[in-house]
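Trainee: dropping a prediction and its sequence here:
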Amino acid sequence: MLKWNFFNNSPVVTSAFEGKPFLSSIIFAPVLFIFKNNYYLQILLFIIFSIDVVLFYIICRKYLSIFFAVAATFLLAVNPNILITNRMILSEPILLFFVLIVLIIHLFKKNSGIKYFAIGMLIACAFLTKNEGILLLPAFALSLYKNVKNIVFILLGFMITSFPYLILNYLTNNSPLYSYNI
């Protein structure tokens, strides 16, 4: 549902592709089933964005002094785009959540196959939230180009998580990458 009139009080459930993102729909469905009101989706996304702000601070604190980490986190929290679109029910906070979790796992965990398999699964979750999530795959492949084993673990985690969705796309649309839902 696309909404062009932003001057009334009803919340906006929208997607740039005129369809709802796959994983976001799965996350939103229980909230709508239990509460039967779109305003609870806004509360859920506010909570997810609040968690995103904390995760962003953790990443900033790894590289910056406490002053600059707090300043950068404050700028994220009062971002005008977020304040303007806070009435819309979008999948961006969910995508940002998965991206930040991937970065935190990559920065703070020791190197192991399980770590990179989990990163691949989270990249698949980001992809299933929005198409742009797939950009994490080449980013990690380029950053780990010397360690092929870790790239294989990432690809394995990605494929196992997104395989049912890609097969369903293939059966429905004759292409695994084309979907009306993403």
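Mentor: On my side now, so go ahead. Residues are numbered from 1 along each chain as shown.
Trainee: if I pick the residue nearest the centre of the chain, what's in contact with it?
Mentor: Nearest to the geometric centre of the chain sits Leu95, at 1.4 Å (CA atoms, centre = their mean). Leu95 is in contact with 126, 129-130, 132-133, counting by CB atoms under 8 Å, 6 or more residues apart in numbering. For the C-beta atoms, the positions are set from N, CA and C on the backbone; glycine is no exception.
Trainee: can we see that at 6 Å?
Mentor: When contacts are counted by CB atoms under 6 Å, 6 or more residues apart in numbering, Leu95 touches 126, 129-130, 133.
Trainee: with Asn150 instead?
Mentor: The contact partners of Asn150, by CB under 6 Å, 6+ apart, come to 116, 144.
Trainee: now name the helix or strand holding it.
Mentor: Secondary-structure element containing Asn150, defined by DSSP states H and E: helix 148-173.
Trainee: mind listing what's buried along that helix?
Mentor: Buried positions in helix 148-173, judged by neighbour count with 16 or more other CB atoms under 10 Å: 150-151, 153-155, 157-158, 161-162, 165-166, 169.
Trainee: the residues you listed into JSON lines, with extra columns for pLDDT and distance to Ser24?
Mentor: Formatted as JSON lines, those follow (pLDDT from 0 to 100; distance: CB to CB, whole Å):
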{"residue": "Asn150", "pLDDT": "91", "distance to Ser24": "29"}
{"residue": "Ile151", "pLDDT": "93", "distance to Ser24": "28"}
{"residue": "Phe153", "pLDDT": "95", "distance to Ser24": "26"}
{"residue": "Ile154", "pLDDT": "94", "distance to Ser24": "23"}
{"residue": "Leu155", "pLDDT": "94", "distance to Ser24": "24"}
{"residue": "Gly157", "pLDDT": "95", "distance to Ser24": "20"}
{"residue": "Phe158", "pLDDT": "95", "distance to Ser24": "18"}
{"residue": "Thr161", "pLDDT": "93", "distance to Ser24": "15"}
{"residue": "Ser162", "pLDDT": "90", "distance to Ser24": "15"}
{"residue": "Tyr165", "pLDDT": "83", "distance to Ser24": "13"}
{"residue": "Leu166", "pLDDT": "83", "distance to Ser24": "18"}
{"residue": "Asn169", "pLDDT": "76", "distance to Ser24": "17"}
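Trainee: Tyr39: which of those is nearest?
Mentor: Checking the buried residues of helix 148-173 against Tyr39 with CB to CB, the nearest one is Tyr165 at 29.1 Å.
Trainee: tell me the helix or strand right after the helix or strand bottoming out on mean pLDDT in the chain.
Mentor: When each helix and strand of the chain is scored by mean pLDDT, DSSP states H and E, strand 12-13 comes last, with a mean of 50. Following strand 12-13 in sequence order, the next helix or strand is helix 22-35 (DSSP H and E).
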